[in-house]
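Engineer: Just need the structure, nothing else, for what follows:
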Amino acid sequence: MCKTSPNKCFYLLLLCLLGSSGFAGSAVAEPPGVGEEQEVLPKRVWIDADAACGVPGRVDPDDCFALVYLQSRPDIEIVGVSTVFGNASLEETDRIAREIVAGAVPVYRGAASPGAVS
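Structural biologist: Numbering: from 1, shown residues only. Next comes the predicted model:
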């Protein structure tokens, strides 16, 4: 906690962050690679879903929207999808997830009921 004036604390914080040369008007050297174009690798994600959109009597499209949205993102790489029971049976959630990803990523069946081990 700063016991002097808030302005002085702010100035000292800036001084620490920028270095004294930043206040003297001299150029601050950029770290190597800064300013150069760099390849940004996509974030790899695994999705565990109980996709139940389109199942009669069920209106819970959140997992379906997530699958469609994440597939459209160039900065995301879906490495796999696991399907589980929840908003619908495992058979339904598995079928729907496979339809949504259309073979673009592997889909694995998970638990069909609480505590089930496949």
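
Engineer: where does this protein have low pLDDT?
Structural biologist: Applying pLDDT under 70 to the chain flags residues 1-35, 117-118.

Engineer: now do 80
Structural biologist: Along the chain, segments meeting pLDDT under 80 span 1-38, 57-59, 116-118.

Engineer: Which parts of it are helices?
Structural biologist: In the chain, the helices defined using DSSP state H lie at 6-18, 20-23, 62-72, 90-101.

Engineer: The third one packs against which elements?
Structural biologist: Spelled out, that is helix 62-72. With contacts taken as 3 or more CB pairs under 8 Å, 6 or more residues apart in numbering; DSSP states H and E, helix 62-72 sits against strand 43-49, strand 76-83, helix 90-101. Backbone N, C-alpha and C define where each C-beta goes, glycine included.

Engineer: got the angle for it vs strand 43-49?
Structural biologist: Relative orientation of helix 62-72 versus strand 43-49 (axes from the mean of the first three to the mean of the last three CA atoms, to 10 degrees): 160 degrees.

Engineer: quick check: angle from helix 62-72 to helix 90-101?
Structural biologist: 30 degrees.

Engineer: Any buried residues in helix 62-72, and which?
Structural biologist: In terms of neighbour count (16 or more other CB atoms under 10 Å), helix 62-72 has its buried residues at 63-64, 67, 70-71.

Engineer: neighbouring contacts of it?
Structural biologist: 45, 47, 49-54, 76, 78, 81, 87, 93, 96-97, 100-101, 104-105 (CB atoms under 8 Å, 6 or more residues apart in numbering).

Engineer: ok, 7 Å please
Structural biologist: 45, 47, 49-51, 53, 76, 78, 96-97, 100-101, 104 (CB atoms under 7 Å, 6 or more residues apart in numbering).

Engineer: for the last one, same thing?
Structural biologist: The set of residues that contact helix 90-101 without belonging to it, under CB under 7 Å, 6+ apart, is 49-55, 64, 67-68, 71, 81, 83-86, 107, 109, 112.
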